[in-house]
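>>> fold the stuff below for me.
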Amino acid sequence: MQIKFNHIKNNLSKIALLLIAVITIVFTYNNRVVENKWERAIDSDGRGYYAYLPAVFIYQDWDWGFVFENEKKLYPNTPYVAGDYLNTVDNDLVNRYFSGTALLMLPFFLLAMGFSYLLGFPIDGYSMPFFIAIIFASLFYFLAGLYFIRKTLLKYNFSELTIAVVLISFGLGTNLFHYATIETSMSHVYSFFLISLFIYYAKSLSENYTFKRIIKLGLVVSLIFLVRPTNVLVVLFLPFFFSDGKSLIAFLKKYVTDYKALFITILIFILIVSIQPIFYYLQVGKPWVYAYYDAKLILSEPHLIKVLFSYRKGLFVYTPITFIAILGLIFLIKKNKFQTITWLLAFMVFTYILSSWSWWWYGGSFGMRPFIELFPLFTILLAILVQAFKKIYFKGIIILLLLLLCRVNFIQAYQYRTFILHWNLMNKESYWKVFLKTDLKYSGVLWTETDYNKPFNGKLILNSENDFEEPMENWHSNENTINFNKAKSGNRITSVSENGIYGETFSTPLHWEESKKESIVIKITSDLFAITDSSEAKLVVALQDSTKENTKHWSAKPNLSVFDKSIINQWYKHYYTVKIDSCEKGDILSIYFLNTGKSPFYIDNMKIEAYKISNDE
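Model prediction:
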């Protein structure tokens, strides 16, 4: 019995890695295969990272026609997102993303081509085997990254218990798990793997300089750059792996005087990084273009506090385990000031650069996703912290806290998937409104109830008031405008019910002289009346292009928030203010109430105002 216990105790980190693998595989199977959502394995930005592979190996099409054809079939409900990662440069389309992620996906893509041939699936890059392949790619790099973190922590002589706790904390307690299992085509899990390799070879080189190790490190750094260029800043953490400045200088001297290693690592970097200019040349006939025309690095305007602490996307708010890990520096500084200072300086520079991106919130995402690549560096600090607590009581408290944060992470990842958390517009009020709430009645609440509340100056381009007493221009009754003896004003109202789900609809083309895209703010007020608790309605604002084939905007606000008490048998005011960007002359604006409950619902005195505002408001 004692032998078995010792065997388990001596292999806790392996058991932890196996546990994470089982949980990850089962979770992915349930969320992708059982729920038949395998086609979402390549989605969002990941469509752009992946697109290089079918372009090279199947279509040889650098006009990207295959992208629009296949993505419109895959996502019929949102055809307008097809190719949205392709920007126009000199009248040619160019993929805004670097090709390194595709390179790491390549072995799995080739396997998918082989299985498609054998099993009779279309070899088009967008049939089931290709999506399954990307799921496997993500899981492989996720687990491989954790494997190399384990090997690195063993080099530091951390205990098996400490390493197990660290692996579980970062494997299951951060947004890394979400991007490894749900958004599998995004670049983050691939960068996480490469930086896990980086810390392993950096630690190995600090112990013993060898030709093979320096070549491997050079290869890893080259791939890190090709996946996400800003991540090459991870080389700033290299001094952290040395005990002092003297050992660092000794390593650097050895490297720059090892002419063979120096030449080969530079050659490897040039060869790998040159893959991107080749792709640019194939797309636009130039070896270099700036494909992110709508975003840029503004070093004079960093958003450090927002990136780290904001409720919108703050690293320490949505990944609190990283904050706990940083506390490990308190214990490290007592042992090695050089390593403490070098880690902090590298982290500050990395954070400064990331926070200087004009889209500092990094689009719709779960947490501050660009820091996922740095998690391998955080694991060392967390291991220092956990190991520092010698008494079982204190160690038990920190382990319990980390496990609780794993639970919080799973809940918030679920909230993100089910639209309880807003992907982009969280704030303090919203965060605490839905904190740890999992009831699906909260799904979409923060999406549909978030009014545009910024002050603006605009030109009134549309003003319409309807008390529903008489037919009005641009208003369509849908046969649901009726007499009502409790009307707020006059005798008639518009209603929605199970049999008539649409109230009287306002619909008109947008008019202005210029042909350029504009932003508009729409303010709507209405009087509402419910007769039972099951009376529910949403005010919908929709924008379609002039052909009515593509929906450019759709948003809605319910009659009452799920956080409010019901108001029955009395009139109350309803307000909705929404901003719509990229509006064009001729686009069709539609506004109406939509029934979402079982009982009738009544609307009176709708007032609609639309203002054209400058795009920077």
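>>> let's verify residue 527: helix, strand, or coil?
When the structure is reduced to helix, strand and coil (DSSP: H, G, I helix; E, B strand; the rest coil), residue 527 reads as strand.
>>> show me what it is bridged to.
For residue 527, the residues forming beta bridges with it (DSSP bridges) are residue 573, residue 604.
>>> what residues of stretch 451-464 count as buried?
Counting neighbours by 16 or more other C-beta atoms under 10 Å, one finds that the buried residues in stretch 451-464 are 452, 458, 462, 464. All C-beta spots, glycine's among them, are computed from the backbone N, C-alpha and C.
>>> let me have those residues in JSON lines, extended by pLDDT.
Listed next are the buried residues of stretch 451-464 as JSON lines, based on pLDDT from 0 to 100:
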{"residue": "452", "pLDDT": "85"}
{"residue": "458", "pLDDT": "89"}
{"residue": "462", "pLDDT": "94"}
{"residue": "464", "pLDDT": "96"}
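>>> part of a strand, is residue 539?
Yes: read with three-state DSSP, residue 539 is one of the residues of a strand.
>>> which residues of the stretch 1-150 of the chain fall in strands?
Defined through DSSP state E, counting those that start in this stretch, the strands belonging to the stretch 1-150 of the chain, from first to last, are 86-89, 92-95.
>>> need the winner for burial among these.
Highest mean neighbour count among the strands of the stretch 1-150 of the chain (mean count of other C-beta atoms under 10 Å): strand 92-95, with a mean of 20.
>>> what's next to that one, contact-wise?
Outside of strand 92-95, the residues that reach it under the criterion C-beta atoms under 8 Å, 6 or more residues apart in numbering are 48, 51-52, 63-64, 83, 85-88, 279-280, 283-285, 289, 291.
>>> starting at the chain centroid, how far to stretch 88-104?
What separates the centre of stretch 88-104 from the centre of its chain is 19 Å, taken as C-alpha atoms, centre = their mean, to the nearest Å.
>>> sorry, that was for stretch 346-365
Relative to the chain's own centre, stretch 346-365 is displaced by 14 Å; criterion: C-alpha atoms, centre = their mean.
>>> so which bits of it are buried?
Burial within stretch 346-365, assessed by neighbour count using 16+ other C-beta under 10 Å, is assigned to 346-347, 350-351, 353-357, 360-362, 365.
>>> over to stretch 17-36?
Of all the residues in stretch 17-36, those buried under the rule 16+ other C-beta under 10 Å are 17, 20, 21, 23, 24, 27, 28, 32.
>>> now intersect the residues you listed with the helices, please.
Applying DSSP state H to these, the entries found in helices are 17, 20, 21, 23, 24, 27, 28.
>>> might you report the residue contacts of residue 509?
When contacts are counted by C-beta under 8 Å, 6+ apart, residue 509 touches 546, 586, 587, 588, 589.
>>> next up, phi/psi of it, please.
In terms of degrees, to the nearest 10, the main-chain angles of residue 509 are phi -70, psi 150.
>>> can you give me the strands for the stretch 401-550 of the chain?
For the stretch 401-550 of the chain, the strands identified by DSSP E, counting those that start in this stretch occupy 458-466, 475-476, 481-483, 492-496, 505-509, 518-530, 537-544, in order along the chain.
>>> got JSON lines for the ones you listed, with distance to residue 164 too?
What follows is the strands of the stretch 401-550 of the chain, written out as JSON lines (distance: least, C-beta to C-beta, whole Å):
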{"stretch": "strand 458-466", "distance to residue 164": "58"}
{"stretch": "strand 475-476", "distance to residue 164": "64"}
{"stretch": "strand 481-483", "distance to residue 164": "66"}
{"stretch": "strand 492-496", "distance to residue 164": "56"}
{"stretch": "strand 505-509", "distance to residue 164": "60"}
{"stretch": "strand 518-530", "distance to residue 164": "52"}
{"stretch": "strand 537-544", "distance to residue 164": "48"}
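>>> would you confirm that residue 297 contacts residue 354?
No: counting by C-beta atoms under 8 Å, no contact exists between residue 297 and residue 354, whose distance comes to 9.6 Å.
>>> same list, the buried residues of stretch 451-464, but as CSV with distance to residue 38 please.
As requested, those are arranged in CSV below (distance: C-beta to C-beta, whole Å):
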residue, distance to residue 38
452, 36
458, 45
462, 44
464, 46
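>>> measure residue 583 to residue 457 for me?
When distances are taken as C-beta to C-beta, to the nearest Å, residue 583 and residue 457 turn out to be 17 Å apart.
>>> and residue 230, by the same measure?
Following C-beta to C-beta, the distance that separates residue 230 from residue 457 is 36 Å.
>>> and for residue 419?
Residue 419 sits 32 Å away from residue 457 when distances are taken as C-beta to C-beta.
>>> coming back round to it: just the buried ones out of the contacts of strand 92-95, please.
Burial by neighbour count, 16+ other C-beta under 10 Å: within those this picks out 48, 51-52, 64, 83, 85-87, 279-280, 283-284, 289, 291.
>>> give me the subset of these lying in helices.
Checking the buried ones among the contacts of strand 92-95 against DSSP H, those in helices are 48, 51, 52, 279, 280, 283, 284.
>>> excluding residues flanking it in the chain, which one is nearest the fourth one?
What it means is residue 279. Of all residues beyond its chain neighbours, the one nearest residue 279 is residue 99 (5.5 Å), with distances taken as C-beta to C-beta, 6 or more residues apart in numbering.
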